[in-house]
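J.: With the sequence up front, the predicted model follows.
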Amino acid sequence: MIVLFTDFGLEGPYTGQMKAVLHREVPSVPIVDLFADAPVGNPKASAYLLAAYAVWFPATTIFLCVVDPGVGGRRPPITLAADDRWYIGPGNGLFELVQRRADKVRSWDIEWKSERLSASFHGRDLFAPGAAMLARGESPPGPLREDDEDRRPHWPDDLYEVVYLDHFGNAMTGVRATMMPSEAKLVAAGRFLECARTFSDLPVGTPFWYENSNGLVEIAVNQGRADHELGLAIGTPVELAA
Amino acid sequence: MIVLFTDFGLEGPYTGQMKAVLHREVPSVPIVDLFADAPVGNPKASAYLLAAYAVWFPATTIFLCVVDPGVGGRRPPITLAADDRWYIGPGNGLFELVQRRADKVRSWDIEWKSERLSASFHGRDLFAPGAAMLARGESPPGPLREDDEDRRPHWPDDLYEVVYLDHFGNAMTGVRATMMPSEAKLVAAGRFLECARTFSDLPVGTPFWYENSNGLVEIAVNQGRADHELGLAIGTPVELAA
Amino acid sequence: MIVLFTDFGLEGPYTGQMKAVLHREVPSVPIVDLFADAPVGNPKASAYLLAAYAVWFPATTIFLCVVDPGVGGRRPPITLAADDRWYIGPGNGLFELVQRRADKVRSWDIEWKSERLSASFHGRDLFAPGAAMLARGESPPGPLREDDEDRRPHWPDDLYEVVYLDHFGNAMTGVRATMMPSEAKLVAAGRFLECARTFSDLPVGTPFWYENSNGLVEIAVNQGRADHELGLAIGTPVELAA
């Protein structure tokens, strides 16, 4: 299975052209759109989201990841193997948390060159063909690398910020719920947030936080939109209540 | 064929994770996104939409339906067979109109338990695995039920409200066009609306109603957006002109 | 491969119903969403976009194209063969630039009638079944036509207007970059725009134009949204700086 994680949107030409490459190269491999609305141009917020969601997928899954504001510039294109899953995309920090949380990590430079490599769409011209190679069982197309250059050691293990707003207006943070003290309260946008198990445990209109279905701390309002009602955006800080 | 009917959106992680389950469980079964933007958290409006669109699909189609504001709470998870099509999802009224309009209906509780059942994402952890079972030809995973508990006998046969705004700003109502008197006029948001056969029958800018391609009364403006120009939203009442 | 080019959006019922037809008729043929957000009701802007993107695809690709504000009216439904690719959709100018730029063009009327042809959804009832016929290797369902009636000889070879705003706020124009004088400057919305190779070549916040990955002149702001920052919309004129 090839899983797409991008900030491309689905409706325009970018996701479709990547899929056209994959259909041509590996027609029998299923393709799943995981996120097409990762935080735009924001590899840091995306890195926490990717790490939380990738572990849900089975071994051998290939993640084709493109959140790449520096496309055409000097960031390296890389392939990564982490705990039996594959990742391919820009070495701009996007894989930092996947790498940090994995028991076993190896990474490779991508040295294979496409016949036509556009300056602005490596997702189509470099990473999708690379993902197809991995799906065919070929070796990563480039030499093993010391995986230090593209690492971000100064990023925290959990990011106390909003990293994603979903279709319902719920706000995911970069914090794993398992790292939270039991029954802890949070503060976001000046509001105290109690912990709940799920939406239906609280009165309509109450803001709260809960462990979402992939283990992240998520801020929600029962039958409301947390983004609008609390004024949350990507990057809004979240903290433990004193 | 498995058809998805949800309020999840396509770009975030929910639809993708459900599809990942289906690809793993029943890789050869095609999956179609029918609605990913059903009225958010609104099983009632969704019920009229689902009933109108489901009958277009062939026998044996499996509808995986999630509009589920009470996820994690007490509404029952159910499987439904109605006129040779299958439905799986929350028993919160979402299937009321499908049941009411079908000649032959049976329903089952879902008693199968997933290895990991999250509190907030039964679409992925319960309903998608259940849809896969049906697609493999297995029996519904639970006992036959008296289908009275989750029924909504007080809901009308046709809902004189806007139930959906499409990509063009057209407003679908919960009213079947066959239930309308011939050449009837409607009133919505204080405007009289004549009946027309299709867009190109009217001057540019004229609001009107017509029978849409799935039999619902739909309000549109030729080459305009009915939602903005008339001020329509989900729930806006529609009535027959006196 | 069947490629969808529409203004339908992906989340509502239109794209899904077309795909349901294709899955039923030609289950083994991959379907790719190229554009589901072509300029709404605007076959002219769409025509320049389609012509630029179609040539990226391999021979034998079938483009199922619906940007069709006149559906149900008098515009002819047509099939087109242009340089070994197939196109099916409304004869309303949508294929004008594909035809004009191809070396070898033939077109056919569609005379096949669906069992149930709705007045407003020819994408599902006429064009999708037609695309399936082509995918099965059948002949176009209708007589060869003189392809003059639906032509738009007065449309320019390149359209100096914004024809598409992407997910990032970048503005594609209807101008092929190869038609631009080398290092030319553009003016759009009162701003001078230098040429750059790609995003990362310029300071953050600078607006510029560049040749996009499918050869169109595109206006962008490094790590910003050109649409908001410059006030660009579909139809905004673009001109060469004096």
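T.: Yep, it's here. Residues are numbered from 1 along each chain as shown, chains lettered A, B, ... in the order given.

J.: near chain B, which residues of chain A?
T.: Within reach of chain B by C-beta under 8 Å from any C-beta of the partner chain, chain A has these residues: A:1, A:3, A:9-10, A:30, A:32-37, A:53, A:56-58, A:164, A:166-168, A:197-201, A:210, A:212-214, A:223. Where you see a C-beta, it was placed from the backbone N, CA and C, and this is true even at glycine.

J.: just checking, A:Ala188 touches A:Leu232?
T.: Yes - counting by C-beta atoms under 8 Å, A:Ala188 touches A:Leu232, with 6.6 Å between them.

J.: Please, where are all the helices along chain A?
T.: Counting by DSSP state H, chain A has helices at residues A:13-25, A:43-54, A:96-101, A:122, A:128-135, A:226-230.

J.: neighbouring contacts of the fourth one?
T.: With contact meaning C-beta atoms under 8 Å, 6 or more residues apart in numbering or on different chains, helix A:122 is reached by A:66, A:68, A:71-72, A:77, A:90.

J.: Ok, the longest one next?
T.: In this structure, residues lying in contact with helix A:13-25 by C-beta under 8 Å, 6+ apart are A:2, A:4, A:6, A:8-9, A:29, A:31, A:33, A:36, A:64, A:66, A:121, A:123-124, A:127-129, A:131-132, A:135-136, C:1, C:3, C:30, C:32-35, C:53, C:56-58, C:166-167, C:214.

J.: mind putting the helices of chain A in JSON lines, mean pLDDT included?
T.: Listed next are these as JSON lines, based on pLDDT from 0 to 100:
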{"stretch": "helix A:13-25", "mean pLDDT": "98"}
{"stretch": "helix A:43-54", "mean pLDDT": "98"}
{"stretch": "helix A:96-101", "mean pLDDT": "97"}
{"stretch": "helix A:122", "mean pLDDT": "96"}
{"stretch": "helix A:128-135", "mean pLDDT": "98"}
{"stretch": "helix A:226-230", "mean pLDDT": "97"}
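
J.: Could you dump those into JSON lines and include mean neighbour count and distance to B:Asn42?
T.: Listed next are the helices of chain A as JSON lines, based on neighbours: other C-beta atoms under 10 Å in any protein chain shown; distance: least, C-beta to C-beta, whole Å:
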{"stretch": "helix A:13-25", "mean neighbour count": "22", "distance to B:Asn42": "28"}
{"stretch": "helix A:43-54", "mean neighbour count": "25", "distance to B:Asn42": "27"}
{"stretch": "helix A:96-101", "mean neighbour count": "20", "distance to B:Asn42": "36"}
{"stretch": "helix A:122", "mean neighbour count": "23", "distance to B:Asn42": "41"}
{"stretch": "helix A:128-135", "mean neighbour count": "24", "distance to B:Asn42": "38"}
{"stretch": "helix A:226-230", "mean neighbour count": "19", "distance to B:Asn42": "17"}
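
J.: Would you enumerate the residues in contact with the most centrally placed residue in chain A?
T.: Chain A has A:Leu50 as the residue nearest its centroid, 2.5 Å off, counting by C-alpha atoms, centre = their mean. Shown in contact with A:Leu50 (C-beta under 8 Å, 6+ apart): A:5, A:35, A:38, A:63, A:65, A:94-95, A:97-98.

J.: between those, which is nearest chain C?
T.: Among the contacts of A:Leu50, A:Ala38 lies closest to chain C (C-beta to the nearest C-beta), at 11.1 Å.

J.: How many neighbouring residues does that closest one have?
T.: 29 (other C-beta atoms under 10 Å in any protein chain shown).

J.: right, and it touches A:Tyr48 too?
T.: No - at 10.6 Å, A:Ala38 does not count as touching A:Tyr48 under the criterion of C-beta under 8 Å.

J.: who's in contact with the nearest residue in space to A:Pro76 that is not next to it in sequence?
T.: Leaving aside its chain neighbours, A:Pro76 sits nearest to A:Gly91 (4.2 Å; criterion: C-beta to C-beta, 6 or more residues apart in numbering or on different chains). Applying C-beta under 8 Å, 6+ apart, we find A:Gly91 in contact with A:75-78, A:107, A:149-150.

J.: Return the distance of the residue lying closest to A:Lys185 once chain neighbours are set aside relative to chain B.
T.: Excluding its sequence neighbours, the residue lying closest to A:Lys185 (C-beta to C-beta, 6+ apart) is A:Ala241, at 3.7 Å. Computed as C-beta to the nearest C-beta, to the nearest Å, the A:Ala241 to chain B distance reads 22 Å.
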